[in-house]
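Asker: Any chance you could fold what I've pasted below:
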Amino acid sequence: MKPVKLIHLDEVAEKVIQSLSKGPIEEMEWNWEKAHSCGAGGGMEFTNPGIAREAANRRYEQAARTGAEILVTASPKCAHQLSLAASTQTKVQDLVEMFAEAMEGE
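Answerer: Below is the predicted model:
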């Protein structure tokens, strides 16, 4: 029996984003295992909305510092939370939305 390599979800998402993107992927300062929370996990936006908003603002600011035009996340909850913190400079998009837009363009 051959061993199976389990691929981390972030690695798969990164490959999909790279294939759909029109330019290079800009990595955030705190990424992969060191990634900070977007504030949407564990019902935080309902139980502690102030803390959730602050987490989203910090994460969004980290993304904006990369200079990227689009912030893509594989989490619909994070996409929603980050869009609340978003300015007009950096668009927030769920990975599925990015994929759908690419499919419409073909």
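Asker: what residues are up against the most centrally placed residue in the chain?
Answerer: Centroid check for the chain by C-alpha atoms, centre = their mean gives Thr73 as the closest residue, at 2.2 Å. If you count contacts by C-beta atoms under 8 Å, 6 or more residues apart in numbering, Thr73 has them with Cys38, Ala79, Leu82, Val92, Gln93, Asp94, Leu95. In short, each C-beta sits where N, CA and C put it, glycine included.
Asker: what does Gln89 give?
Answerer: Taking C-beta under 8 Å, 6+ apart, one finds Ala64 in contact with Gln89.
Asker: SS state for it?
Answerer: Counting by DSSP: H, G, I helix; E, B strand; the rest coil, the backbone at Gln89 sits in coil.
Asker: With Lys15 as the reference, measure out to it.
Answerer: If you measure Gln89 against Lys15 using C-beta to C-beta, to the nearest Å, the figure is 26 Å.
Asker: Now do whichever helix or strand Val12 is part of, average pLDDT.
Answerer: When secondary structure is defined by DSSP states H and E, Val12 falls within helix 9-20. On average, the pLDDT along helix 9-20 is 77.
Asker: which is the next helix or strand following it?
Answerer: Once the chain leaves helix 9-20, the next helix or strand it forms, by DSSP H and E, is helix 44-47.
Asker: returning to that earlier point: quick one: pLDDT of the residue nearest to the centre of the chain?
Answerer: pLDDT for Thr73: 84.
Asker: in the protein, which segments are predicted with low confidence?
Answerer: Applying pLDDT under 70 to the chain flags the ranges 1-9, 30-32, 88, 106.
Asker: biggest helix in it by residues?
Answerer: In terms of residue count, the longest helix belonging to the chain (DSSP state H) is helix 49-64.
Asker: Would you mark the buried spots in it?
Answerer: Ala52, Arg53, Ala55, Ala56, Asn57, Arg58, Arg59, Tyr60, Gln62, Ala63, Ala64 (16 or more other C-beta atoms under 10 Å).
Asker: distance of the nearest residue to the second one once chain neighbours are set aside from Ala56?
Answerer: Pointing back at Arg53 there. Excluding the flanking residues, the one nearest Arg53 by C-beta to C-beta, 6 or more residues apart in numbering is Gly39, at 6.6 Å. Using C-beta to C-beta, Gly39 is found at 4 Å from Ala56.
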